[in-house]
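*Asks:* Okay, predicted coordinates and the sequence, questions at the end:
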Amino acid sequence: MKHLGAILWLTGLSGAGKTTIAHNLDQKLQTRSYPTEILDGDIVRIYLSQGLGFSKQDRDINVRRIGFVANLLSRNGIIAIIAAISPYRQVREELKKTSTKFIEIYVYAPIAVCESRDVKGLYALARAGQIQHFTGISDPYEEPINPEIICQTDRFTVEQCVKGFARK
Ligand code: ADP
């Protein structure tokens, strides 16, 4: 069976819920026999972007690399699910233009909520000045202007967020 690939690009602050939603979505799609692959920002930084930092330039390079791999996957029929902060609008828009079936998903929770979750303990370190260039604290996050989907993870459960995809 020929599958139609796509890029489901989850963008948002650290702790907003990108990884959680990516895995839930991945499971649901695989149960329905769709071929999928997750590209998680944290893992990409180990294997694909080691050595890159968190300047705008390095972040843009990182996002373009993820976009390149996502395109290879999607054009071969795979649904590439990306969970990456990808804070800069321009490079996301660039990928949207150069990719087919690029679906931008804004995973949103107010920064206070993300910070109270502090899944990886990074907000505390950023507040203490032990991490520089931390998105939302000491580095910008440019919200999507016209995302295809918004997941409000402070108002809805993971299941509700992922169910919302089916209606699109
Ligand atoms: P990110 O990948 O964006 O950094 P994570 O998925 O690692 O974020 O962490 C999000 C945290 O928020 C998890 O602990 C998750 O259980 C919790 N959470 C609460 N509600 C939701 C929701 N509706 N969607 C996603 N995550 C949620």
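*Replies:* Received, thanks. Because the structure is predicted, anything quoted here is derived from the model rather than measured. Residues are numbered from 1 along each chain as shown.
*Asks:* Any chance you could give me whichever strand or helix holds S116 in CSV, C-alpha atoms only?
*Replies:* Assessed by DSSP states H and E, S116 sits inside helix 111-117. Taking only C-alpha atoms (Å, rounded to 0.1, in the frame of the first residue of the first chain), the coordinates of helix 111-117 have been written out as CSV:
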residue,chain,number,x,y,z
ILE,A,111,5.2,30.0,30.3
ALA,A,112,4.1,29.9,34.0
VAL,A,113,2.6,26.5,33.4
CYS,A,114,5.6,25.2,31.5
GLU,A,115,7.8,26.5,34.3
SER,A,116,5.7,24.9,37.0
ARG,A,117,5.9,21.5,35.2
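*Asks:* residues of that helix that come out buried?
*Replies:* The neighbour-count criterion (16 or more other Cβ atoms under 10 Å) identifies 111, 113-115, 117 as the buried residues of helix 111-117. Heads up, the C-betas are built off the backbone N, CA and C, glycines and all.
*Asks:* Nearest to the ligand among the residues you listed?
*Replies:* Relative to the ligand, the closest of the buried residues of helix 111-117 is R117; by Cβ to the nearest ligand atom it sits at 4.8 Å.
*Asks:* coming back round to it: right, is the helix holding S116 up against the ligand?
*Replies:* Yes: counting by Cβ under 6 Å from any ligand atom, contacts between helix 111-117 and the ligand involve R117.
*Asks:* Only alpha carbons, please: show the next helix or strand after that helix as CSV.
*Replies:* For helix 111-117, the succeeding helix or strand toward the C-terminus, using DSSP H and E, is helix 122-127. Output for helix 122-127, consisting of C-alpha atoms alone and laid out as CSV, is shown next (Å, rounded to 0.1, in the frame of the first residue of the first chain):
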residue,chain,number,x,y,z
LEU,A,122,15.8,23.5,33.1
TYR,A,123,13.6,26.5,34.0
ALA,A,124,15.1,26.5,37.5
LEU,A,125,18.6,26.5,36.1
ALA,A,126,17.6,29.2,33.6
ARG,A,127,16.1,31.4,36.4
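*Asks:* Which single residue in the protein comes nearest to the ligand?
*Replies:* Relative to the ligand, the nearest point of the chain is G17 (2.6 Å; Cβ to the nearest ligand atom).
*Asks:* show me the contacts for that residue.
*Replies:* For G17, the contacting residues are 107, 109, 151, 153, 158, 161, by Cβ atoms under 8 Å, 6 or more residues apart in numbering.
*Asks:* go on, Q30?
*Replies:* T36.
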